[in-house]
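Engineer: here's a sequence, model it:
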Amino acid sequence: MLNKNSKIFVAGHNGMVGSSICRALKKSGYKKIVTIEKKKLNLLKQEKVFKFLKKIKPNLTIIAAARVGGILANSKQKHQFIYENLEIQNNLIHGSYLAKTKNLIFLGSSCIYPKNCKQPMKEDLILSGKLEETNDAYALAKLAGIKMCESYSKNYKLNYKSFMPPNMYGPGDNYDLLTSHFFSALIKKIHLAKKYNKKYIKVWGSGKPRRELLFVDDFAKAIVFFMNLKIKEPFLNIGTGKEHSIDWYVKFLLKKLNVKLSIKYDKTKPDGVKSKMLDVTKAKKYGWKQKENLDHGLYLTLQDFYKNN
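Structural biologist: This next block holds a predicted model:
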């Protein structure tokens, strides 16, 4: 069991998810949160990662570090997505084992599910069909991470577990239009259109695909909630159990930002999977509940966005 004085290493603490997890840990009273800057420790360097973990000997390692991005980045940089994610997670998982760390949390993604997966997506449906082509490299890396944690837990009697979120948004999100996910990209596009008095925004695809959105602080609180629980499943879905079309999100943002723009859908660009909604029945059985509604989550997100843009 972990306690408030347990040493917790958060890999990827500067990212949206990692920084949110650090805030949640501090708010919950955890005193020994270890982080390290990328310039001091390159997580792709196996020997250095192993040495660092043996030195700090964490009671828990949380892997929030990963190469992430939207459809454009995933489809154009497949080699980097599979190589870097495999290297990072392999180094941290095996390095934690070598450092005798008994607890580890690996963060996955809803893209691990098959392209035409039955909705909502239950945990036992992974590897039941073909992956979506635009992000299959990233998905394969995440699947490997889940199986690696499951295998180490079983073979070495460790508590290495994984959690799958849907698309997330919140403070600290990435708004680079070349690498961002759809929701943050929409916020940036509407902001730029308003700033430069444009009459329309261009949106990738048809607008018909449906997506689930989770506020990042809800996910961070879920990680803290499950840290000390003994779960029997190798991984759990963490989400809202609700989804909307991309078109719905565009119109929602235009309304909330009080901007009048026409919408042009670029149907030459890929849609990705048609629907991606997680079944969160198992997580709820443990007593976890998603709390933040989209309106307030957007308010907090925009506060952070306007500070930096």
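Engineer: OK, contacts around Leu104?
Structural biologist: 60-63, 92-93, 96, 149, 152, 158-161 (Cβ atoms under 8 Å, 6 or more residues apart in numbering). In this view, the C-beta of every residue, glycine as well, is placed from N, C-alpha and C.
Engineer: in stretch 99-117, what's buried?
Structural biologist: 99, 101-115, 117 (16 or more other Cβ atoms under 10 Å).
Engineer: tabulate the CA atom coordinates of stretch 143-157 in CSV.
Structural biologist: Extracted in CSV, the C-alpha atoms of stretch 143-157 (Å, rounded to 0.1, in the frame of the first residue of the first chain):
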residue,chain,number,x,y,z
LEU,A,143,-1.2,-2.4,-26.7
ALA,A,144,2.4,-3.6,-26.1
GLY,A,145,2.6,-1.5,-23.0
ILE,A,146,-0.6,-3.0,-21.6
LYS,A,147,0.6,-6.5,-22.3
MET,A,148,4.0,-5.7,-20.8
CYS,A,149,2.5,-4.5,-17.6
GLU,A,150,0.1,-7.5,-17.4
SER,A,151,3.0,-9.9,-18.0
TYR,A,152,5.3,-8.3,-15.4
SER,A,153,2.5,-8.3,-12.9
LYS,A,154,1.8,-11.9,-13.4
ASN,A,155,5.4,-13.2,-13.6
TYR,A,156,6.9,-11.1,-10.9
LYS,A,157,3.9,-10.6,-8.6
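Engineer: mind putting the contacts of Leu104 in TSV, secondary structure, neighbour count and distance to Lys51 included?
Structural biologist: Shown next, in TSV, are the contacts of Leu104 (DSSP: H, G, I helix; E, B strand; the rest coil; neighbours: other Cβ atoms under 10 Å; distance: Cβ to Cβ, whole Å):
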residue	secondary structure	neighbour count	distance to Lys51
Leu60	strand	22	19
Thr61	strand	26	15
Ile62	strand	28	19
Ile63	strand	26	18
Leu92	helix	27	13
Ile93	helix	23	16
Ser96	helix	28	13
Cys149	helix	25	22
Tyr152	helix	18	20
Leu158	coil	19	20
Asn159	strand	20	24
Tyr160	strand	26	21
Lys161	strand	23	25
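Engineer: could you measure from Asp136 over to Gln80?
Structural biologist: 14 Å (Cβ to Cβ, to the nearest Å).
Engineer: please apply the same query to Phe52.
Structural biologist: Following Cβ to Cβ, the distance that separates Phe52 from Gln80 is 23 Å.
Engineer: what do you get for Lys154?
Structural biologist: The gap separating Lys154 from Gln80 is 31 Å, by Cβ to Cβ.
Engineer: coming back round to it: so for Asp136 and Gln80, which residue has more residues nearby?
Structural biologist: Asp136 (19 against 15; other Cβ atoms under 10 Å).
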